[in-house]
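Peer 1: What follows is a predicted protein model with its sequence.
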Amino acid sequence: MFDDIRSFFMKREEDRASEIGRPESHFEYLTERTAGAHTIIITIANQKGGCGKTTTAINLSAALAKRGFKVLMLDIDAQSHASLGIGVDVDNLNCSIYDVLVKGMQLENAIFHTYANNLDIAPATSMLSGAQLEIADLLGREGILRTAIYKMINTSKNDYDYVILDCSPSLNLLTVNGLVAADHILIPIQTHYFSLEGMRELFSTIKIVKERLNLGLQILGILPTLYDPRTRMNKDILKQIQDYFKDKVFKNPIRMNIRLAEASAHRKSIFDFAPDSNGAKDYSAFTEEVITLTRPEKAIGQPEKAAKENGSEEPRLQPDTA
Ligand SMILES: Nc1ncnc2c1ncn2[C@@H]1O[C@H](COP(=O)(O)OP(=O)(O)OP(=O)(O)O)[C@@H](O)[C@H]1O
Ligand SMILES: [Mg+2]
């Protein structure tokens, strides 16, 4: 009986696929990761614009790659800032993440090497802005990206340690695809008034995704960004963020550092543009925290020492269990 119902739905989707010329392989919804697959998938999301999602995606990916991990950055924002920021010529691509989501192309075919060792990218182009309408009617639309990533993990020779997804400033279907695909969500928050606005909506989306679509989704942490330790306002807001989110806040906030903005304009990571800058120091220390949380056996840093040096609040050593 179940098989009949399932094949009925599969048939409907195959019919629809052939109408619009998509390959059937696009509709293998139930792909799971094979045992032993060790890739960790982190989605960076916050519907607030300009809070440092892309800067974090690029520099976390680059820092992990420099630490010897094999990293795939996946750009699911039609603005293509992550792709541009790591040097991809988005106007001259023959395939991108759009083709994976809409046309059912294998993810492997949309992956390019970047100039940096160990760091690959599945880039976005402006075509992605139409993608959510094009997939809106598909059965299993929220899980298309997850299926594509899992299939790559199961079959690819690339064997990534980390897949890092950069989302757009919206809670649209593409961001939901990012949450459904993820093991962890990472939330950058600008240390600025009003930055906590919209958090309720983001957390309720995460809760719904966790309940209905991705039971394994975990919040990796909240990353305070664009932090200026010289101003009282920034210090107060950082404290509010720490009081509210408690041990979920990373100990190393990312300070405001013009070199980070310049690095993106030069289409490089901070480690290749200004390796001695505070931006590079902050992203290195934060990356050690990410490694400590996700692969503790590989951690070497002293995140708490760095947190003190960059002027943030005393690190929280005891998780708040209240
Ligand atoms: N720590 C920082 N210091 C100085 N400038 C920064 C810092 N982090 C990000 N920026 C700059 O702030 C702007 C917004 O950052 P970014 O693009 O990373 O945010 P975003 O959340 O990805 O934005 P969007 O919501 O549009 O995708 C960019 O110009 C970036 O270079
Ligand atoms: Mg961005």
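Peer 2: Okay, I see it. Residues are numbered from 1 along each chain as shown. Ligands and ions are numbered 1, 2, ... in the order given.
Peer 1: ok, which residues in the stretch 51-200 of the chain are in contact with ligand 1?
Peer 2: If contacts are counted using CB under 6 Å from any ligand atom, the residues of the stretch 51-200 of the chain sitting beside ligand 1 are C51, G52, K53, T54, T55, D77, Q79, H81, S168, P169. For the C-beta atoms, the positions are set from N, CA and C on the backbone; glycine is no exception.
Peer 1: Once you drop chain neighbours, what's closest to the first one?
Peer 2: Nearest-residue entry for C51: Q190, 4.4 Å, with adjacent residues in sequence omitted and distances by CB to CB, 6 or more residues apart in numbering.
Peer 1: what pairs with the one you found across the strands?
Peer 2: Applying DSSP bridges to Q190 yields these beta-bridge partners: T225.
Peer 1: quick one: it from ligand 2, how far?
Peer 2: As defined by CB to the ion, to the nearest Å, Q190 lies at a distance of 12 Å from ligand 2.
Peer 1: quick revisit: tabulate the residues of the stretch 51-200 of the chain next to ligand 1 (CSV), appending neighbour count and distance to V249.
Peer 2: Conversion of these to CSV gives the following (neighbours: other CB atoms under 10 Å; distance: CB to CB, whole Å):
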residue, neighbour count, distance to V249
C51, 23, 14
G52, 22, 14
K53, 28, 17
T54, 27, 21
T55, 28, 18
D77, 24, 24
Q79, 17, 27
H81, 20, 25
S168, 24, 24
P169, 18, 21
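Peer 1: Could you dump these into TSV with secondary structure, pLDDT and distance to V209 added?
Peer 2: Putting those into TSV (DSSP: H, G, I helix; E, B strand; the rest coil; pLDDT from 0 to 100; distance: CB to CB, whole Å) gives the following:
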residue	secondary structure	pLDDT	distance to V209
C51	coil	96	20
G52	coil	98	22
K53	helix	98	17
T54	helix	98	22
T55	helix	98	24
D77	coil	97	18
Q79	coil	97	23
H81	helix	98	24
S168	coil	97	16
P169	coil	97	18
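Peer 1: Which members of those additionally contact ligand 2?
Peer 2: Of the entries in these, those that also sit close to ligand 2 under the rule CB under 5 Å from the ion are K53, T54, H81.
Peer 1: export the residues you listed to TSV and tack on distance to I270?
Peer 2: TSV is the format used below for these (distance: CB to CB, whole Å):
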residue	distance to I270
K53	15
T54	13
H81	15
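Peer 1: Please name the spatially closest residue to whichever residue of the stretch 101-250 of the chain sits closest to ligand 1 (chain neighbours excluded).
Peer 2: Closest residue of the stretch 101-250 of the chain to ligand 1, CB to the nearest ligand atom: P169 (3.3 Å). Excluding the flanking residues, the one nearest P169 by CB to CB, 6+ apart is G49, at 3.8 Å.
Peer 1: Kindly report the same for P123.
Peer 2: Skipping the residues right next to it in sequence, P123 comes nearest to S83 by CB to CB, 6+ apart, at 3.6 Å.
Peer 1: Tell me how far that neighbour lies from Y98.
Peer 2: When distances are taken as CB to CB, to the nearest Å, S83 and Y98 turn out to be 12 Å apart.
Peer 1: go on, M256?
Peer 2: Using CB to CB, which is the criterion applied here, M256 is 33 Å from Y98.
Peer 1: Tell me the secondary structure at the residue in the stretch 101-250 of the chain positioned nearest to ligand 2.
Peer 2: When you check the stretch 101-250 of the chain against ligand 2 by CB to the ion, the closest residue turns out to be D166, at 6.0 Å. Using DSSP: H, G, I helix; E, B strand; the rest coil, the structure places D166 in strand.
Peer 1: Show me where the stretch 151-300 of the chain has its helices.
Peer 2: Using DSSP state H, counting those that start in this stretch, the helices of the stretch 151-300 of the chain run over 173-181, 199-212, 232-245, 258-265, 270-273, 278-294.
Peer 1: Quick one: the strands in this structure, in order.
Peer 2: Secondary structure of the chain (DSSP state E): strands located at 40-44, 71-76, 112-113, 119-122, 162-167, 184-190, 218-225.
Peer 1: Residue in the stretch 51-200 of the chain with the shortest distance to ligand 2?
Peer 2: Each residue of the stretch 51-200 of the chain has a distance to ligand 2, by CB to the ion, and the smallest belongs to T54, at 3.3 Å.
Peer 1: Identify the residues contacting that residue.
Peer 2: T54 makes contacts with D77, H81, A82, G85, D166, S264, as judged by CB atoms under 8 Å, 6 or more residues apart in numbering.
Peer 1: Confirm for me that the fourth one is in contact with I58.
Peer 2: Translated: G85. Yes: G85 is in contact with I58 according to CB atoms under 8 Å; the separation is 4.9 Å.
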